[in-house]
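# Got a predicted structure here, sequence first:
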Amino acid sequence: MDSGSSTGVKASPVNHSVYNVRKSIRAALKVLFLVVFLGWLMLWIMLPTKTYKNKWTPKLSAKAKATYFGPLFFSVFCTNLLLFTFPIMFIAAFGCVYLHLGKKSDHNYYHDRKPAGASSRLAYWKRPVLVQSSLGIVTAMELAFSAMFIALMIWSLANYLNVSFQHLYADKKGGFGRWKLKFRSVSLRVSYVGNICWAFLFFPVTRASSILPLVGLTSESSIKYHIWLGHISMILFTAHSVGFIIYWAMTNQIMQMLQWSKTWVSNVAGEIAFVFALAMWATSFNRIRRKMFELFFYTHHLYPLYLFFYLLHVGIPYFCTILPGVFLFLIDRYLRFLQSRTRIRLVSARFLPCEATELNFSKSPGLTFTPASIVFVNIPSISKLQWHPFTVTSNCDMEPEKLSIIVKNVGSWSQKLYQVLSSPSSPDRLEVSIEGPYGPTSSPFLRYDLLVMVSGGSGITPFISIIRDIILRSTTPGIKIPRMLLICSFRNSADLTMLDLLIPASTGATIDISRVQLQIKAYVTREREASTTTDNQKLIRTVWFKPNLLDKPISSVLGPNHWFWLGAIISSSFVMFLLFLGILTRYYIYPIDHNTDAIYHFSGRALWDTFFVCVCIVVVASAVVLWHKKQNAVERKQIQNVDVPTPTTTPGFNNTDTELESLPRHSLLNATNVHLGERPDLKKILFECKESSVGVLVCGPKKMRHEVAKICSSGLVDNLHFEAISFNF
C-alpha cells in the first residue's frame, strides 16, 4: 500500500533535529520489539517442558483468575492469550508506529543511508548458499533460521513425548497396551508441533504486514516460507489424523470419529477441517500449481472453512497460540476487500510493437510507493474471479497522478485483454479493480556503487521502475547515484521496444538521462539478423478511455498515513475483541456455566469467539475506511475533473502515434548495445564488475535466477550482493 517516499531535498537544521528524534525513537522501538519477540520464542521453547506444565502453568493460572476476567475465563485461555497472542499483537501495532516514523524520516534522508559494503557480515548472511529446483534460492540466513526452526520442532516433539510417556500409567485402567497408548500420544503430540508452523503460517501472506518490514521482508519475497510451513504442517497434521484413526481402529473405538463432545474437542470438526486441508495441500504442489493455477487458486479459498472447523476442533484456548497471525491476516484481507470494491479509472492503454500493453490508471497524488512495487488487477469483463499481479513501472514523483503497469501478451487472460483493447471497436470504459500497491518500505538501491539488473522477457518491468527512480534521484543534490548495468534477454527483436518504457512518454522530453551512468546490454536469442518485417515497424498506438463518475483514482485504502491508521485498526479491534469476550463471559456464559466448563457447550464458545473476531475487524476497519473516504472526497473530485486527452465521442487510437525512432531518446539509444543470436555470458559479465559493492538484481525465468544465484554464491568474488525478484502467487 502506501509504502514509499518521495524525492529527497536538502534538510534544514530543524528538520534534521526532528529526524534525529524520530531515528532515536525507532531505534528504541526496534530494541523493544527484539526483546518481546525473543521472549515470545522462549515461551515456545518452554511450552513442551515439565517446567512449564508443572510449575509455570499453575502459577499463571492462579494469577489469571485474579485478573479482570477472573474466574469468568478458564485459565488456559487467559494464559495463552497473554503469553502467545498479546506479544505479537503488540509488535504489530507498535510496528506500525515504527514504520510511520520511518516513512516520515526517510522522506528527505536518502543520503543518510550506509553503503552496502559497511555491513560485510550481514551481506555474507544474505548470500545464496543453496540453489535447488524444489527449495528455490536459499540464503545463509534463511538456512540458519530454517535449521533453528527445525531444531525447535524436534525439541518440542521430544519434550512433549517425554512428559506424556511419564503419565501413561493413568490410562492403564482403559485396558490398552502401553505401546498403543504411546502410539496415541505420538499421534496427538505431532499436532502440537504442527501448531508451531501455523503460528508463523499467515505472516508471509499478509500483504500489508507491519511485521515483515521490521525484518526487511515483503509478502512477495516471503511466499516461499508460507509454502515450506504449509507442507511441514500438513505432514504433521496428516500423521495426527491418520494416527488417531488407526488408534481408534486398534482399540475398537472407531465410533469416536462421529463424536462431537459438548465439553471437549470435536472429532467431527477436526475431520472436516482435515478434508479441507487435504484439498488445499493436494493442489498446492508446484507442478499442479503451475499447470492448473485456477484449481489451486480456488481450492486455496477453502481456508476460511478450514480455520472455522479447526477452531471448533481445538477450541479458543489452544487457538490463541496461532491467533495473532490469523487476526492480522483477516484485517489485511478485509482491507483488501474494501479497496477492491472501488472501480479504478483506466485513463489510457498504450500498445507497443512487441504486443505489450501499458495500462495507465488515474492515481491520487497522495499515494506513494517504492520501485518494484506490485498491484493486483481484476477486470470483470475478462474474468470476474482472476486477480493478476503486475509490477508498477511508473514513478510516483515523475508522474504523481498516474500509475502504469505493463501487460505482456502471454497467457489466456492477457491475450483476451489485448484483443479487447486493441480492436477497432474497443470499449469506451473498462471496469477495473486494483489491490495495492505493495512493496518494500525503502529503496536500498542507492547503497551500491554498481547496480546490475538481469532480466529475461517481461522480467524487465521491475527494473523500469528502479531505473526511473534512480534517474529522478540524480536531480537531487548530495545523493550519490550508482552506475547501472541492465542485462536483458528477449526472444525476438520486436521485444526490444520494451526498452522504450525506461523513460515515460509523458515526461520523456524533460528527463536528462545523461546525469546517470546507464549501460544496457540487450540480447535477442532467437534472431541472428535484425528483423525487417513490417511488424517491427509498427507505431506506438494509444487508446484513451472516457472518464466515468463511478471510477476513482487509485489511492491507499487508509490514506497517506497508512501505517498510522493500520496500527489504530489493529489495536482498536483487538481491544474491542477482548472487551466483548469479557462482557459475554460475565453476563451470559458465567450465569449458565458457573465456571464449571461442563454446562455451556465447548463449541458454542468457539462460535462466539469467531463471531467477535469478525465483527470487531469489520466494524473498526470499515469505520476508518469510511472516514478516510469522506476526508478525501474533495481531492477525488478535483482529480476526476483533471483534463486529459480523451475523445469527445468514442474511444479510439490517438492521432499522435509516433515511431520509436522519433522519440527524444538518443542518450538511451547510445547507451544500448544489442547482441543478436546469443545469450549473455552472465558469469563473465558479473566477474568483470570490479566495484567494491555490486548489487545484483535478477527477475526472469527460474533457470536464469538460479544461474545468477550460483554465480554470486560461488565464493570467487566478494563484492556481489544478490537479490531475486520473483512472483510466486
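Structure's in. What do you need?

# ok now whichever helix in the chain runs longest, how far from the chain's centre?
For the chain, the helix with the greatest residue count under DSSP state H is helix 13-46. Offset of helix 13-46 from its chain centre (CA atoms, centre = their mean, to the nearest Å): 22 Å.

# Past it, which element shows up next along the chain?
helix 50 (DSSP states H and E).

# helices or strands up against that next one?
Packing contacts for helix 50, counted by 3 or more CB pairs under 8 Å, 6 or more residues apart in numbering; DSSP states H and E, involve helix 140-165. For glycine as for every other residue, the C-beta is placed from the backbone atoms N, C-alpha and C.

# Only the buried residues of the following helix or strand past the helix it packs on, if you could.
Once the chain leaves helix 140-165, the next helix or strand it forms, by DSSP H and E, is helix 178-201. For helix 178-201, a neighbour-count test (16 or more other CB atoms under 10 Å) marks 180-181, 183-201 as buried.

# before we move on, back to that, check which helices and strands the longest helix of the chain is in contact with.
helix 86-106, helix 140-165.

# how about 6 Å then?
With contacts taken as 3 or more CB pairs under 6 Å, 6 or more residues apart in numbering; DSSP states H and E, helix 13-46 sits against helix 86-106.

# Take the helix or strand containing Pro389, keep the C-alpha atoms, and write them as PDB.
Element membership for Pro389, per DSSP H and E: strand 388-391. What follows is strand 388-391, C-alpha atoms only, in PDB (Å, rounded to 0.1, in the frame of the first residue of the first chain):
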ATOM      1  CA  HIS A 388      -3.200 -10.900 -11.600                       C
ATOM      2  CA  PRO A 389       0.000  -9.300 -10.100                       C
ATOM      3  CA  PHE A 390       1.800  -6.700 -12.100                       C
ATOM      4  CA  THR A 391       4.900  -4.600 -11.400                       C
END
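
# Mind giving me the packing neighbours of it?
strand 374-378.

# quick one: average confidence on the strand it packs on?
For strand 374-378, mean pLDDT rounds to 94.

# which helices and strands does it pack with?
For strand 374-378, the packing partners by 3+ CB pairs under 6 Å, 6+ apart are strand 388-391, strand 433-438.

# Show the low-confidence segments of the stretch 301-450 of the chain, by residue range.
Across the stretch 301-450 of the chain, nothing is flagged by pLDDT under 70.

# Tell me which residue is most central in this structure.
The residue lying closest to the centre of the chain (CA atoms, centre = their mean) is Ser219, at 1.8 Å.

# Relative to Leu311, how far out is that one?
Distance, Ser219 to Leu311, by CB to CB, to the nearest Å: 24 Å.

# just Glu399 next, same as before
46 Å.

# what's the answer for Ala277, then?
Counting by CB to CB - Ala277 and Leu311 are separated by 13 Å.

# Cys614 now?
In terms of CB to CB, Cys614 sits 12 Å off from Leu311.

# swap in Ser381?
Counting by CB to CB - Ser381 and Leu311 are separated by 38 Å.

# More neighbours: those two, which one.
Applying other CB atoms under 10 Å to Ser381 and Leu311 shows that Leu311 carries more neighbours, namely 24 against 12.

# Would you mark the buried spots in the helix or strand encompassing the more buried one?
Applying DSSP H and E as the criterion places Leu311 in helix 303-314. Across helix 303-314, burial judged by 16+ other CB under 10 Å covers 303, 305-314.

# relative orientation of it and helix 178-201 in degrees?
Orientation of helix 303-314 against helix 178-201 (axes from the mean of the first three to the mean of the last three CA atoms, to 10 degrees) gives an angle of 140 degrees.

# for helix 303-314, packing partners?
Using 3+ CB pairs under 6 Å, 6+ apart: helix 303-314 touches helix 267-282, helix 602-631.

# quick one, what contacts His384?
To be clear, residue 384 is Lys; His isn't right here. Listed by CB atoms under 6 Å, 6 or more residues apart in numbering, the contact set of Lys384 is empty.

# one more time with 10 Å
Contacts for Lys384 (CB atoms under 10 Å, 6 or more residues apart in numbering) come out as Asn378.

# any idea whether Val698 is helix, strand or coil?
Counting by DSSP: H, G, I helix; E, B strand; the rest coil, the backbone at Val698 sits in strand.

# Need the pLDDT of it.
At Val698, the predicted lDDT confidence score is 93.

# returning to what we had before: mind exporting the C-alpha coordinates of the helix or strand that the helix holding Leu311 is followed by to PDB?
Under the assignment DSSP H and E, the closest C-terminal helix or strand after helix 303-314 is helix 316-319. Provided in PDB are the C-alpha atoms of helix 316-319 (Å, rounded to 0.1, in the frame of the first residue of the first chain):
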ATOM      1  CA  ILE A 316     -10.300 -21.000  21.500                       C
ATOM      2  CA  PRO A 317      -7.800 -21.500  24.400                       C
ATOM      3  CA  TYR A 318      -5.500 -23.500  22.100                       C
ATOM      4  CA  PHE A 319      -6.300 -21.400  19.100                       C
END
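
# Tell me what angle the host helix or strand of Thr238 forms with strand 433-438.
Thr238 is part of helix 219-250 when elements are defined by DSSP H and E. Interaxial angle, helix 219-250 versus strand 433-438 (the same axes, to 10 degrees): 100 degrees.

# If you compare the directions of the helix holding Leu311 and helix 602-631, what angle comes out?
Using the same axes, to 10 degrees: helix 303-314 against helix 602-631 is 140 degrees.

# The residue lying closest to Tyr318 once chain neighbours are set aside: neighbour count?
Using CB to CB, 6 or more residues apart in numbering and skipping the chain neighbours, the partner closest in space to Tyr318 is Asn80 (7.1 Å). With neighbours defined by other CB under 10 Å, the count for Asn80 comes to 22.

# Let me see the contact set for Asn80.
43, 47, 60, 64, 86, 316-321, 323.
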